[in-house]
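In: Structure, please.
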Amino acid sequence: MNLLKREMWDRKFAPMGAIVFLLLTLLSSCSEDKDLPGPNPPIIVEPVPFDLNTINDTYEALAPFANYERWGPYNVHDPSIIKDGDYFYSYSTDVGFGIDVRSGIQIRKSKDLVEWTFVGWVFNNLPQKGVDHIKNNGGTPFNSLWAPYVMKVGSEFRLYYSLSSAKPRLSAIGLATASNPIGPWTEKALVVTSLDDASIQTNAIDPTVIVTPTGDHWMYYGSAWDGIYILKLNATTGLAAVSGTKGVRIAQRGFTSGKINGNIEGAEIIYNETLNKYFLFIAYDWLQTKYNVRVGRADSPEGPFLDFAGHDMNLEEDHGPMILAPYKFAGHGGWQGTSHVSVFKNNGQYYMAHQGRPGVNSYYMVMHVRKIFWTPEGWPMVSPERYAATEQTTVASTELAGAWERIDLGYQIVPGYAEEQISPNFQEAVTMTLDAAGTINGNASHHWTFASPWLDLNWNNGATIEKVLVERGRDWENKRACLIFTGLTTEGKAIWGKK
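Out: Now for the predicted structure:
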């Protein structure tokens, strides 16, 4: 089943007739997997030299299921990434472009976060405990698993999966364990469930877990309905500390004229030990179009998580900063659906992985991995270009002079879900010229200075100063080396640049 079925049942206010229509017409699911390979089929691929330039925005020739061993970064949605030994492992939702896909949660591995190899599935069939919860409550489970989360506790790998149904909010988050990142995996039990009833609760999908410095385990989960919830876990078992509990809400969205501004889901939680803060990343809006990333931070895993303005993310507001959103550089179709992230660290560097849907055809799904940087005030900034293992050498001030493409990540509220949020609201690049003499756009009132890696953009003789971080990157749109910058304004707006 394609992922677009998912949020059709995650609405607070959408008419069910429209949902059913979209479910039946947009995508289909594989009803049987008896002829499909097991959870970890042997995959033999002829070795060929990897060429970064062969990674494209679309992949029609590779899309058929028979080519799954060559999918690499393609057909990736809602990735969760962990490193074990020399490899990063990615676990992601059951999706495929224009095809029926088998259920089981896709697994890929990579040594460099650029070249990905498909290695199998977590499950051979839908996990039985999740199936039983849905069937015992009058539903039929979708034939796909969504939004996994993976972690390692001691020598045990724990994978939390999401299983839902056509009945609104009839869903379950379950736990499977293994001693190896590729498996075999054993289903343990359900962690939290939700029902198609009149109760006030969020949808039990999209899990993420944090382990505090003192060893406490907390799960954050939820989609639409009543927002993002936090649930205490038993650190030993990985299950709810108190069986049958749902947790409490910790984040929600704002409303316009009584209508919710859009979906909220796909939380990710990390603890930055350097800043001694917990950071909660949240997906806003419709996953195929306006999908974007918001972030709040807290001193405690229980919150309150505060946005850039210092407001509690549990208030009925839309919260910033928005650090990643649909964007379009010059001469390119753009990327939309850029959210539901995995945030992880390697050798002191933070990264963000997520899906990207090309503007030329938003049914394709490609894994994006980006670097995360931190402002002097302790807020995350995301690279405007995907990670490409670019060698980092000192950037000279003289290299900055010239024409840049600049993107300001603005936002337009469009209350609703799929039917209303039909536009990705691309944030498009404009030209900004850094003059060799130190002015900007030939205007003597605007100046720039550079003390590597920080570039200061001084507008109107100091009325506004934007501090952005510069490093070397890859221009994925034009397949060449480039300089990039990323920053947050004093109002919390993300700004990007590429030269």
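In: OK, contacts around residue 59?
Out: Going by C-beta atoms under 8 Å, 6 or more residues apart in numbering, residue 59 touches 71, 74, 97, 364, 366. C-beta here means a position set from N, CA and C on the backbone, and glycine is covered the same way.
In: Tell me the spacing between the residue lying closest to residue 305 once chain neighbours are set aside and residue 391.
Out: In this structure, residue 305 finds its nearest non-sequential neighbour in residue 296, 3.6 Å apart by C-beta to C-beta, 6 or more residues apart in numbering. Separation of residue 296 from residue 391 (C-beta to C-beta, to the nearest Å): 34 Å.
In: Which of these two has more residues huddled nearby?
Out: Neighbour count, other C-beta atoms under 10 Å: between residue 296 and residue 391, residue 296 has more, with 25 against 6.
In: Touching, that one and residue 310? I think so.
Out: No. With contact defined as C-beta atoms under 8 Å, residue 296 and residue 310 do not form a contacting pair (10.1 Å).
In: can you pull out the helices in the stretch 51-200 of the chain?
Out: Here the stretch 51-200 of the chain has its helices, by DSSP state H, counting those that start in this stretch, at 128-136.
In: shaky segments in it?
Out: Scanning the stretch 51-200 of the chain for pLDDT under 70 picks out no residues.
In: For it, just list every one of the strands.
Out: Along the stretch 51-200 of the chain, counting by DSSP state E, counting those that start in this stretch, strands occupy 80-84, 87-92, 106-110, 117-121, 146-153, 156-163, 171-178, 186-194.
In: strand partners of the last one, parallel vs antiparallel please.
Out: By that I understand strand 186-194. On the basis of DSSP bridges, the sheet neighbours of strand 186-194 come out as strand 171-178 (antiparallel).
In: go on, the second one?
Out: In the sheet containing strand 87-92, its partner strands are strand 80-84 (antiparallel), strand 106-110 (antiparallel), by DSSP bridges.
In: Buried residues of the first one, list them for me.
Out: Residues 80, 81, 82, 83 are the ones in strand 80-84 that count as buried (16 or more other C-beta atoms under 10 Å).
In: what's the most distant pair in the residues you listed?
Out: In the buried residues of strand 80-84, the most distant members under the criterion C-beta to C-beta are 80 and 83, with 11.9 Å between them.
In: Next, name the residue at the spatial heart of the protein.
Out: residue 341 (2.0 Å; C-alpha atoms, centre = their mean).
In: Could you find the closest non-adjacent residue to that residue?
Out: residue 354 (4.4 Å).
In: Same check on residue 324?
Out: Excluding the flanking residues, the one nearest residue 324 by C-beta to C-beta, 6+ apart is residue 293, at 4.1 Å.
In: Return the helix or strand containing that neighbour as CSV; C-alpha atoms alone will do.
Out: Assigning secondary structure by DSSP states H and E places residue 293 in strand 292-298. The C-alpha trace of strand 292-298 is given here as CSV (Å, rounded to 0.1, in the frame of the first residue of the first chain):
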residue,chain,number,x,y,z
ASN,A,292,7.8,20.8,6.6
VAL,A,293,9.8,20.5,9.8
ARG,A,294,9.3,22.5,13.0
VAL,A,295,11.4,22.2,16.2
GLY,A,296,11.1,23.1,19.9
ARG,A,297,13.4,22.6,22.8
ALA,A,298,13.2,21.8,26.5
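In: The closest residue to residue 335 other than its chain neighbours: neighbouring residues, count only.
Out: Computed as C-beta to C-beta, 6+ apart, the closest residue to residue 335 that is not its neighbour in sequence is residue 356, at 4.4 Å. Neighbour count for residue 356, taken as other C-beta under 10 Å: 27.
In: I'd guess residue 356 is in a helix, am I close?
Out: No. Using DSSP: H, G, I helix; E, B strand; the rest coil, the assignment for residue 356 is strand, not a helix.
In: and it, what are its bridge partners?
Out: In beta-bridge terms (that is, DSSP bridges), residue 356 pairs with residue 366.
In: For it, give me its contacts.
Out: By C-beta under 8 Å, 6+ apart, the neighbours of residue 356 are 335, 336, 337, 338, 365, 366, 367, 368.
In: what's the neighbour count on the nearest residue to residue 380 once chain neighbours are set aside?
Out: Using C-beta to C-beta, 6+ apart and skipping the chain neighbours, the partner closest in space to residue 380 is residue 372 (5.1 Å). By other C-beta under 10 Å, the residues close to residue 372 number 23.
In: distance of residue 372 from residue 88?
Out: 15 Å.
In: Could you grab the helix/strand/coil label for residue 494?
Out: strand.
In: report the longest strand in this protein, please.
Out: strand 464-475 (DSSP state E).
In: Check which helices and strands that strand sits against.
Out: Judged by 3 or more C-beta pairs under 8 Å, 6 or more residues apart in numbering; DSSP states H and E, strand 464-475 is in contact with strand 454-459, strand 480-488, strand 494-498.
In: Point out the most buried one among these.
Out: Burial of those is given as mean neighbour count (mean count of other C-beta atoms under 10 Å); strand 494-498 ranks first at a mean of 23.
In: And that strand, what does it pack against?
Out: strand 322-324, strand 402-408, strand 464-475, strand 480-488.
In: Those: which one's closest to residue 421?
Out: Here strand 322-324 is closest among the helices and strands packed on strand 494-498 (C-beta to C-beta), at 14.8 Å.
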